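# what shape does this take:
(chains A, B, C and D)
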Number of protein chains: 4
Amino acid sequence: MTSITAERSARAEDLKHRVAAFVNEHVIPAEPAFERHLAESGNRWSIPPVMEELKAKARREGLWNLFLPDHGGGAGLTNLEYAPLCEIMGRSPIAPEVFNCNAPDTGNMEVLVRYGTDAQKKAWLEPLLAGTIRSCFAMTEPEVASSDATNIACSIRGDGDSYVIHGRKWWTSGAMDPRCKIAIVMGKTDPDAPRHLQQSMVLVPLDTPGVRVVRPLTVFGYDDAPHGHAEVAFENVRVPKSNILLGEGRGFEIAQGRLGPGRIHHCMRAIGLAERALEAMCKRVQERVAFGRPLAEQGALRHEIARSRIEIDEARLLTLNAAHTMDVHGNKAAKKEIAMIKIAAPAMALRVIDRAVQAHGAAGISQDFPLAYAWACARTLRLVDGPDEVHLEAIAKQELQEQQAKRAGAR
Amino acid sequence: MTSITAERSARAEDLKHRVAAFVNEHVIPAEPAFERHLAESGNRWSIPPVMEELKAKARREGLWNLFLPDHGGGAGLTNLEYAPLCEIMGRSPIAPEVFNCNAPDTGNMEVLVRYGTDAQKKAWLEPLLAGTIRSCFAMTEPEVASSDATNIACSIRGDGDSYVIHGRKWWTSGAMDPRCKIAIVMGKTDPDAPRHLQQSMVLVPLDTPGVRVVRPLTVFGYDDAPHGHAEVAFENVRVPKSNILLGEGRGFEIAQGRLGPGRIHHCMRAIGLAERALEAMCKRVQERVAFGRPLAEQGALRHEIARSRIEIDEARLLTLNAAHTMDVHGNKAAKKEIAMIKIAAPAMALRVIDRAVQAHGAAGISQDFPLAYAWACARTLRLVDGPDEVHLEAIAKQELQEQQAKRAGAR
Amino acid sequence: MTSITAERSARAEDLKHRVAAFVNEHVIPAEPAFERHLAESGNRWSIPPVMEELKAKARREGLWNLFLPDHGGGAGLTNLEYAPLCEIMGRSPIAPEVFNCNAPDTGNMEVLVRYGTDAQKKAWLEPLLAGTIRSCFAMTEPEVASSDATNIACSIRGDGDSYVIHGRKWWTSGAMDPRCKIAIVMGKTDPDAPRHLQQSMVLVPLDTPGVRVVRPLTVFGYDDAPHGHAEVAFENVRVPKSNILLGEGRGFEIAQGRLGPGRIHHCMRAIGLAERALEAMCKRVQERVAFGRPLAEQGALRHEIARSRIEIDEARLLTLNAAHTMDVHGNKAAKKEIAMIKIAAPAMALRVIDRAVQAHGAAGISQDFPLAYAWACARTLRLVDGPDEVHLEAIAKQELQEQQAKRAGAR
Amino acid sequence: MTSITAERSARAEDLKHRVAAFVNEHVIPAEPAFERHLAESGNRWSIPPVMEELKAKARREGLWNLFLPDHGGGAGLTNLEYAPLCEIMGRSPIAPEVFNCNAPDTGNMEVLVRYGTDAQKKAWLEPLLAGTIRSCFAMTEPEVASSDATNIACSIRGDGDSYVIHGRKWWTSGAMDPRCKIAIVMGKTDPDAPRHLQQSMVLVPLDTPGVRVVRPLTVFGYDDAPHGHAEVAFENVRVPKSNILLGEGRGFEIAQGRLGPGRIHHCMRAIGLAERALEAMCKRVQERVAFGRPLAEQGALRHEIARSRIEIDEARLLTLNAAHTMDVHGNKAAKKEIAMIKIAAPAMALRVIDRAVQAHGAAGISQDFPLAYAWACARTLRLVDGPDEVHLEAIAKQELQEQQAKRAGAR
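This next block holds a predicted model:
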């Protein structure tokens, strides 16, 4: 890793060490209290007080909005510099929010920074950067294959000074959170426009009449409370036309810009999950005895530990390489690299975590270890932001084009 | 499959068709009501009324205790005859209980049939066969590696006419069920006896003072209500000496006899799960459209469907072969065959279900399809009744011995 | 396996034991002499005398033409009965010919039995059944994708009483053998006919003017001498019209009938290869010491032995099931089952043999053990008689149709 | 890749482009002539003239001894700088020798540079650097498990001013080459010394009486002519004591220093092989038509192309990272990183090449494409310089130690 780390600024290195220390000393020890609140408060959709305490502490220490490349409101780090921080946050499911670096708020804040009007920024970006409200992103729909984004059916119809939004969304992550105040909604403003100009994004406050949070979805039995993944009905919801982002027909354009960094963050967090699983596995097998000797002396388990180390390091290097490509050549030029990590990192995490689960015996699938939940999170990543199939297709298309161009050039 | 089916009796074939029809017409359609009761009754540890209705109906139709090889109380089927019935029941998580064929009651009933005294049978076997009570099996312990059963630490100490049981168990499946009245507890009666004679099994009514159900465990976020998997504390629990099964020091002997059929049932149910997942996958991809054509036209998906069909059929044939070996040569002689299916069937089910999940997009991991839950069930099977590692080791040991004997014979 | 073996006749069981004894006592011990002849005779395309000696001996013992279901010239065994014999022959690359059961002669003899005229039988079938000549099958062409048989371009043009054959074939196995006298050639008689009626098969004696064996092809460095895989040019080769098989436009029909049994034979032989590799692996790891203990005590190796046993048994059961389906329902009805084993058996053999190679260290890839060559043979099976991709597609198509029909039936 | 490339010197970049151009323009086009000479000269152990022509040309252009970190005789490149050059050379099996960068001469030259006396350098290093002779490395023995180097049994006994060497070696690569003049032989000088001080290395001219090249070994049917892998008997071979390298008992020390760079070269070449295979695969599927459309439109094939790109890039980054770790922290500190690539790169190459083979149909396994041979080379890499098992064990050991240390530090 050294060769890549070498290029990071001293400030980024310092932040990395401070985030690591904060996660180890404050966040991971707070996980049980967080869980306990959800289990015992009688309302899984309420925020455990420890979260706001941790947020306040992190903000005081300057470990806040680290994801934001913009020097104004954020840390101004490159993707390559932010990547290791993001990995460390990924070690704990509650860590990203502590540093105000959790999806989908990060993506939404980036969108507002880049494309928001002053009024939009004032109303929504400022409280989001301050961590006083949360947001959600309503794109996926239950009735159509989300792998093909042109399928999106939710209508955004102009009507005088208003847009009227009508449709049904799901996997609107964060919408169950009582602090969630604003949704970015993707829908069709013009079904007759060219394929990639039909869609737009509008800001919809969650308390607008007609917005109805229907139910929480579960992920392998987990509800991901208190944020959750909601099915949300938009029933003739009316917002002012000034709520549009960037302009009509520019939904795809925003989505493309939004997804690159989001994907790399997901991947880095998956690597953090995998590292924590490998640590847990090593600890377990060194401490647990069967048939008269520690599990760590079993050859097959040792091979799995070795393979996990190899696979984690490969995925990390691939992700750092994508981050660097984004920094140097831009998100668009890094399209293939981003698609590649989107395939590699979740698949790696699933393998590593599964081995750790198995090494823990039945405990590994229970609530007593973070492994089963980590597995469910990693499994989700093979579907969110486009399923594997879409990314494999995109990589193949580009590879075939590049190979063809190379052959043409060689002639 | 014909060659094997051919050997089954006409009665077994008839039962197979009736069970299949019952599951399709009555059980699968009742799954939503079952789930709804758990979600809405305010108590996940209460029994949905639909279950008792289904049980009554199945019993009336003679589809009851089909697992029991004994002609007295059961159907008197061979393992090879019961296997396809068990597979069909495995298609729905709520089906086995409907036919009074659910773990761990099946194993416990078999133990009582084989080893129970008349008084034990009267007290516990009869209501179990009638489906009026449920039972659990307390073997695994949180503090030791359950892959090595000699690790078990729970003490069963003789004291006058009583045994005093002290220890902590977990993954005591079914103990959360309000109808669960009796536990078979494995523990040490003589720590100084030879390694496989230290353990005994005793019957412990759950209402005995000192028995405390500590908490339910979750499986990838699922609580498996209303049966659940419990952590249970036995704190100086006193039962009469007549509650012992078979005699002191014979716990391993019973466990060995108990586990063979149980494993084959688990494997057949896993195959049923996989078949249902493949059906769901085919349906989904034939109905869902992306990029202008049904998913079913995507070549990579088609290959996965083909591979799933191959893998399911291989696992089924291997399991039927093990069933037949048990029938013809006995459970002990079929030890290797049983270990082989214990590895093969869950691994196959996990692959098949995972592909089905992916083909469903995000819906596949949610509560809207039975796939994520099926995956969690199949994953559990790589751990229960001995983790993969123990079975692989047993197969290797026997294979190496057999190969050595063959070489010696060839000289 | 018992359940399936049980249906075999006593005669088939007897043949199985005699073939096994013959292979162990006579064939495998003759492998070195066979190899030595090829290496030292100065001509790799000459027949080692030991082969004709073994053939004479096998014929005397009645272990001859066992593959042929026809009671006239063959053993009259069902596919289920022949399968274990074929597996045993598969253990040695030189065994099938010893029993006159080697491809492509078996397939060619079947074609002649079924479709040959009396004159064709007299001229070619009789010496083939007697083992005095060999034959080849010229179908695959270098210039087109053989996965799509309609691509075949070789022309068979009628001209008076003759056909004139023009085209280039390769992978014409056996054509290098000096005893090879006759080829069955597939080509186009009518390019304007419907897609599956364009092709015909004709008998072409190899000494016909215009037939030119261009060169031997290698398989991962092996030339498969003395039979070999040839590239053969047919340059305006003229044969009498009476050499056609079955009639013009019936090439596909013959090919379909020919390939079923051939595929099952390939798969059974692959299973034999895998069994021999697993035996070799067990022997090696029990005899070889590293780091102070036999390799057999290394846990990871033991897991691989266990997995190999599971995978071999699964593939064998699947193949026996396909054989039985062919016996009971016919080759056409067993199409899906045959495609399934065509995928499963070679893939299994490759995994099992590769593990055995690795357990042997560098010796495993050398000429000192039969493993590297076995691997190359198994790898070839993923391509011959249609590559994996074609069979996966066929299975998927049929599975999707069946599932759709089942859903329609359930409504 | 940019981030890492960025650190390379302009000179290294320039060399990379020149080597790439040379390989594409001169080496790959010469492969057929090289093969033809071997096939047609009547002696596979003679050197095709085109090789000496290419060597002369490369030397004239300054593309010579690029592997050597020493500025005196070599290019003075870091491992990170040499790695991409080595990858490019790996694209063609005949390329490394063209640049005087082929194993085992590179390792032998490094040993002589580091540990040779002036006399040894004059006699053997100078002609090796000039490319006028070749050398071999005799370490592996047929009778013992080479995974455990302490097994080595060849004796090197002091006798007056001489050492007497007696033992049998195999996989002595290059010993078949008529230009091969010198062997470095590893053997035991003191069987009673501590385990890692028993072994020594001596220089043995191949024309010394008692040295007998017994036979060439094959690799999956390939003889790797004209260099070959020999079995060599050393029968009471007598050399002056001045032929020892570094001193008695220092064989392991030299081996350790020798193997690090050698392993990284093997891995980079494997990556080059994989890249060439992926190129060939893309070309094939874009040009070949089946069922009415180019193979490149088949979804499953596209997924395989995408996966291949991901896996190649991961392995390359891991290897570059190991190279950089060696440069910055030394070969010893990079032990784990080197073991990791030794596992990852060959396994990746095998997967990528196998997919390319399959995409080529039967042509892929023949001599008409370089794929089958590339596969055999990559397979060999899972065994040479220590089999996978040894490296996995080494990685696991170090990972477990590091994790334990981290836990201890966190307390």
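
# tell me which residue of the stretch 301-411 of chain A lies closest to chain C.
Among the residues of the stretch 301-411 of chain A, A:H303 lies closest to chain C, at 4.8 Å counting by C-beta to the nearest C-beta. For every residue, glycine as well, the C-beta is placed using N, CA and C.

# specify the local secondary structure of that residue.
helix (DSSP: H, G, I helix; E, B strand; the rest coil).

# mind listing what's buried along stretch A:174-185?
Going by neighbour count (16 or more other C-beta atoms under 10 Å in any protein chain shown), the buried part of stretch A:174-185 is A:G174, A:A175, A:M176, A:D177, A:C180, A:K181, A:I182, A:A183, A:I184, A:V185.

# right, is the longest helix along chain A up against chain D?
Longest helix in chain A, counting residues (DSSP state H): helix A:251-287. Yes: using C-beta under 8 Å from any C-beta of the partner chain, helix A:251-287 reaches chain D at A:L278, A:E279, A:C282, A:K283, A:V285, A:Q286.

# what pLDDT does the model give the last one?
The pLDDT attached to A:Q286 in the predicted structure is 97.

# can you put the residues of helix A:251-287 next to chain D in CSV and add distance to A:Q367?
Formatted as CSV, the residues of helix A:251-287 next to chain D follow (distance: C-beta to C-beta, whole Å):
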residue, distance to A:Q367
A:L278, 20
A:E279, 19
A:C282, 21
A:K283, 18
A:V285, 21
A:Q286, 23
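
# before we move on, back to that, roughly how far is the longest helix of chain A from the heart of the chain?
8 Å (C-alpha atoms, centre = their mean, to the nearest Å).

# could you measure from the closest residue in space to A:E253 that isn't next to it in sequence over to chain B?
Closest residue in space to A:E253, ignoring its immediate chain neighbours: A:L246 at 7.0 Å, by C-beta to C-beta, 6 or more residues apart in numbering or on different chains. A:L246 is 26 Å from chain B, where distance means C-beta to the nearest C-beta, to the nearest Å.

# likewise for A:R263?
If you go by C-beta to the nearest C-beta, the gap between A:R263 and chain B works out to 16 Å.

# count of neighbours near that residue?
Neighbour count for A:R263, taken as other C-beta atoms under 10 Å in any protein chain shown: 24.

# so who does it touch?
Shown in contact with A:R263 (C-beta atoms under 8 Å, 6 or more residues apart in numbering or on different chains): A:I338, A:I341, A:K342, A:D385.

# also A:I152?
Counted by C-beta under 8 Å, 6+ apart, A:I152 has contacts A:M139, A:E141, A:V144, A:M186, A:G187, A:K188, A:Q199.

# picking that back up, backbone phi and psi for the residue nearest to A:E253, please?
Main-chain dihedrals, A:L246, degrees, to the nearest 10: phi 70, psi -40.

# same deal with A:C136?
Dihedral angles (degrees, to the nearest 10) for A:C136: phi -140, psi 170.

# which residues does it bridge with?
A:A183 (DSSP bridges).

# ok, it to A:G116 distance?
From A:C136 across to A:G116, the span is 16 Å (C-beta to C-beta, to the nearest Å).

# hang on, the earlier thing: reformat the buried residues of stretch A:174-185 as TSV; add pLDDT.
Formatted as TSV, those follow (pLDDT from 0 to 100):
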residue	pLDDT
A:G174	97
A:A175	97
A:M176	97
A:D177	97
A:C180	98
A:K181	98
A:I182	98
A:A183	98
A:I184	98
A:V185	98
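
# ok, the closest residue to A:D327 other than its chain neighbours to A:P261 distance?
The spatially closest residue to A:D327, leaving aside those adjacent along the chain, is A:T78, at 4.5 Å (C-beta to C-beta, 6+ apart). Using C-beta to C-beta, A:T78 is found at 11 Å from A:P261.

# for stretch A:100-116, which outside residues touch it?
Contacts of stretch A:100-116 (C-beta under 8 Å, 6+ apart): A:55, A:58-59, A:64-68, A:70, A:73, A:85-86, A:89, A:96, A:120-121, A:124-125, A:128-129, A:131, A:134-137, A:173-174, A:182, A:184, A:201, A:245-246, A:254, A:257-259, A:261-262, A:265-266.

# the residues you listed, buried ones only, as a PyMOL selection?
To isolate the buried members of these in PyMOL, using 16+ other C-beta under 10 Å:
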select buried, chain A and resi 55+58+59+64+65+66+67+68+73+85+86+89+96+120+121+124+125+128+129+131+134+135+136+137+173+174+182+184+201+245+246+254+257+258+259+261+262+265+266
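
# and the gap between the nearest residue to A:R276 once chain neighbours are set aside and A:V285?
Counting by C-beta to C-beta, 6+ apart, A:R276 lies nearest to A:R91, which is 4.5 Å off, once chain neighbours are set aside. Distance of A:R91 to A:V285, given as C-beta to C-beta: 20 Å.

# ok, A:A225 next?
32 Å.

# who has more neighbours out of these two?
A:V285 (25 against 19).

# lowest pLDDT pick from the contacts of A:I152?
A:V144 (87).

# that one contacts A:T150, correct?
No: counting by C-beta atoms under 8 Å, A:V144 stays clear of A:T150, with 9.3 Å between them.

# and the residue of chain A at minimum distance from chain C, what pLDDT?
Closest residue of chain A to chain C, C-beta to the nearest C-beta: A:G299 (3.4 Å). We have a pLDDT of 96 for A:G299.

# ok, how many other residues are close to the residue lying closest to it once chain neighbours are set aside?
Distances taken as C-beta to C-beta, 6+ apart place C:G299 nearest to A:G299, at 3.4 Å, with adjacent residues excluded. Using other C-beta under 10 Å, C:G299 has 18 neighbouring residues.

# same thing with the one 3 residues further on?
Using other C-beta under 10 Å as the criterion, C:R302 is surrounded by 25 other residues.
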